[in-house]
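Visitor: Structure here, sequence nowhere to be found:
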């Protein structure tokens, strides 16, 4: 089972919006609404930002939003802030032999 | 406070074994699936294994199936990962993660701080 495909890096200026893509197949992203997104600062545990494609857990800023079209899910960060500069990973349930799969990860840089 | 605390990591020789533990507190442990996720130094996240809330069904990544065994003791609120036949490629921080549902379908809403496993001679 290959990892879901994310861009290696995305950048934006403070206040701008950026979107991170996460491309899979019909066996994972495209077939189920069990896509989630995680933020991970260096040396720290990941933090859940979005679950089930577009649901935001309690306490997560409403600047983070998720969506899906076909086999590609997306995370949008609006009103980009310096504190958003870190790594982001998508994940999805999959019907392949490996039951869960993460994305390759995206480093967000705030210019 | 909901908390996960991993232990059991360390330095082990190739071919060796370790048992990782994850002590849970602050929630009804048996009501949620649990998973192990690892991260090799400087690399991305890799889902390793999962187990349903009642411990009936287990799941494994292809890379560890046959070498790793996940289990849980709901009476002790503890998750385990028995890792055998260790390889250099298994060197990573191993995170324990709480699922948002009893089944494996849910996202991982709570994470431990991780325990480091280093495989080296």
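Guide: Great, that's in hand. This one's a predicted model, so the numbers in the text were calculated from it and none came from an experiment.
Visitor: C-alpha only now, for contacts and for neighbours.
Guide: Noted.
Visitor: Centroid-nearest residue for chain B?
Guide: When Cα atoms, centre = their mean is applied to chain B, the residue found nearest the centroid is residue B:36 (2.7 Å).
Visitor: residue contacts, it?
Guide: Residues in contact with residue B:36, defined by Cα atoms under 8 Å, 6 or more residues apart in numbering or on different chains, are B:47-50, B:81, B:94-97.
Visitor: Quick check: it vs chain A, distance?
Guide: From residue B:36 across to chain A, the span is 11 Å (Cα to the nearest Cα, to the nearest Å).
Visitor: Which residues of chain B lie near chain A?
Guide: Proximity of chain B to chain A, by Cα under 8 Å from any Cα of the partner chain, involves residues B:44-47, B:59-62, B:95, B:104-114.
Visitor: I figured residue A:35 was touching residue A:23, is that so?
Guide: No. The pair residue A:35 / residue A:23 is not scored as a contact, 10.9 Å apart, by Cα atoms under 8 Å.
Visitor: any shared contact partners between the two?
Guide: Between them, residue A:35 and residue A:23 share these contacting residues under Cα under 8 Å, 6+ apart: A:29, A:73.
Visitor: Between these two, which has more neighbouring residues?
Guide: The neighbour count for residue A:35 versus residue A:23, taken as other Cα atoms under 10 Å in any protein chain shown, is higher for residue A:35 (31 against 21).
Visitor: Kindly provide the distance from the more buried one to chain B.
Guide: According to Cα to the nearest Cα, residue A:35 stands 8 Å off from chain B.
Visitor: So which of the contacts of residue B:36 wins on neighbours?
Guide: residue B:96 leads these on contacts (other Cα under 10 Å) with 33 neighbours.
Visitor: quick one: the residue in chain B that chain A sits nearest to from residue B:50, how far?
Guide: Across chain B, the shortest distance to chain A (Cα to the nearest Cα) belongs to residue B:61, at 4.6 Å. Residue B:61 sits 9 Å away from residue B:50, going by Cα to Cα, to the nearest Å.
Visitor: Given whichever strand or helix holds residue A:49, what are its sheet partners and their directions?
Guide: When elements are assigned from DSSP states H and E, residue A:49 belongs to strand A:47-50. Counting by DSSP bridges, the strands paired with strand A:47-50 are strand A:35-40 (antiparallel).
Visitor: as a whole number, average confidence for the partner strand?
Guide: Averaging pLDDT along strand A:35-40 gives 98.
Visitor: How about stretch A:67-77?
Guide: Here the average pLDDT along stretch A:67-77 is 98.
Visitor: Buried ones in it, by neighbour count?
Guide: Neighbour-count burial for stretch A:67-77, with 16 or more other Cα atoms under 10 Å in any protein chain shown as criterion, is recorded at A:67-68, A:71-77.
Visitor: Run through chain A and note the low-pLDDT ranges.
Guide: By pLDDT under 70, the low-scoring segments of chain A are A:1.
Visitor: distance between the ends of stretch B:11-28?
Guide: End-to-end span of stretch B:11-28 (Cα to Cα): 33 Å.
Visitor: contact partners of it?
Guide: So stretch B:11-28 is contacted by B:1-9, B:77-88, B:96, B:117-121 (Cα under 8 Å, 6+ apart).
Visitor: Residue numbers of chain A in contact with chain B?
Guide: A:1, A:34-36, A:44-48, A:51-52, A:89, A:93, A:97-105.
Visitor: Could you give the number of residues near residue 65?
Guide: Let's take chain A. Residue A:65 has 21 nearby residues by other Cα under 10 Å.
Visitor: Chain B, not that one
Guide: That count, for residue B:65 with other Cα under 10 Å as the rule, works out to 13.
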